[in-house]
Every structure is written in structure tokens, then in C-alpha cells.
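Colleague: sequence unavailable; structure follows:
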């Protein structure tokens, strides 16, 4: 499998307003819906600790709740381990190149 890199990281936070200032201080651009894009269009998203749409927490103290990866070809996502519902598929369009 050829993993190109992360596309989006989703974090669960206790204080939404305070957490929205952090990405912009590091040069990310607000893109709406609490999403912040980097120059290469990778992103981080902050979500409330009460957001029930987030996946269950990991067994660590991390606040990371979801990672979306970019892979070289869409068929490679079929080889990823379970649970498959934890993956969001974003194949790279034909003629486009990952940055």
C-alpha cells in the first residue's frame, strides 16, 4: 500500500473557542466549520468534547479522534485493517499530484 500522507486530523477539545485560536497562530487558514487548512490543503478540525459523531477515544490520553489518510490509489483502501467505517475515502483525482 502506498500511503502519501495525512489529509485531515480531527481533535476533540474541551474549549472550542480557545482551540480555534491555536491553528491560526501556526499559520493555518480558517476554512469554516472549525476546519483549518495548511498551505498544502491538509487540515486539522476541532470538535467539541460533546460531539457524538466522533469515533470513540483511543486508550491513550490523546485528543486525536480521527485521521484521514491519502493513498496512491483508491483500491488500496480495501486493504486497510478493520474497522473500515473509521476511514473516509478521498482518492486523488486523475491528473492531480499530492503535495
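Modeller: Noted; the coordinates are in hand. Remember, predicted model here, so these are calculated numbers, not experimental data.

Colleague: and stretch 24-32, what's buried?
Modeller: residue 28 (16 or more other CB atoms under 10 Å). C-beta coordinates here come from the backbone N, C-alpha and C atoms, glycine included.

Colleague: let me fix that, I meant to ask about stretch 9-21.
Modeller: By neighbour count with 16+ other CB under 10 Å, stretch 9-21 contains the buried residues 10-13, 19.

Colleague: end-to-end on it?
Modeller: Start-to-end span of stretch 9-21 (CA to CA, to the nearest Å) is 16 Å.

Colleague: hmm, who's touching it?
Modeller: 30, 34, 43-49, 51, 54, 57, 63-68 (CB atoms under 8 Å, 6 or more residues apart in numbering).

Colleague: make it 10 Å
Modeller: 22-23, 30, 34-36, 42-51, 53-55, 57, 62-68, 88 (CB atoms under 10 Å, 6 or more residues apart in numbering).

Colleague: in a strand, that's where residue 39 is, yeah?
Modeller: No. Read with DSSP: H, G, I helix; E, B strand; the rest coil, residue 39 is coil and lies in no strand.

Colleague: count the residues that sit near it.
Modeller: Per other CB atoms under 10 Å, the neighbour tally for residue 39 reads 9.

Colleague: touching, it and residue 28? I think so.
Modeller: Yes. With contact defined as CB atoms under 10 Å, residue 39 and residue 28 form a contacting pair (8.8 Å).

Colleague: please enumerate the shared neighbours of these two.
Modeller: With contacts defined as CB under 10 Å, 6+ apart, no residue is shared by residue 39 and residue 28.

Colleague: okay, and which of the contacts of stretch 9-21 map to strands?
Modeller: Residues of those located in strands (DSSP state E): 30, 35-36, 43-48, 64-68.

Colleague: could you save those as JSON lines and add columns showing pLDDT and distance to residue 3?
Modeller: Listed next are the ones in strands among the contacts of stretch 9-21 as JSON lines, based on pLDDT from 0 to 100; distance: CB to CB, whole Å:
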{"residue": "30", "pLDDT": "94", "distance to residue 3": "27"}
{"residue": "35", "pLDDT": "93", "distance to residue 3": "22"}
{"residue": "36", "pLDDT": "95", "distance to residue 3": "22"}
{"residue": "43", "pLDDT": "92", "distance to residue 3": "17"}
{"residue": "44", "pLDDT": "93", "distance to residue 3": "18"}
{"residue": "45", "pLDDT": "93", "distance to residue 3": "20"}
{"residue": "46", "pLDDT": "93", "distance to residue 3": "24"}
{"residue": "47", "pLDDT": "92", "distance to residue 3": "24"}
{"residue": "48", "pLDDT": "90", "distance to residue 3": "29"}
{"residue": "64", "pLDDT": "86", "distance to residue 3": "17"}
{"residue": "65", "pLDDT": "87", "distance to residue 3": "20"}
{"residue": "66", "pLDDT": "86", "distance to residue 3": "16"}
{"residue": "67", "pLDDT": "85", "distance to residue 3": "11"}
{"residue": "68", "pLDDT": "84", "distance to residue 3": "11"}
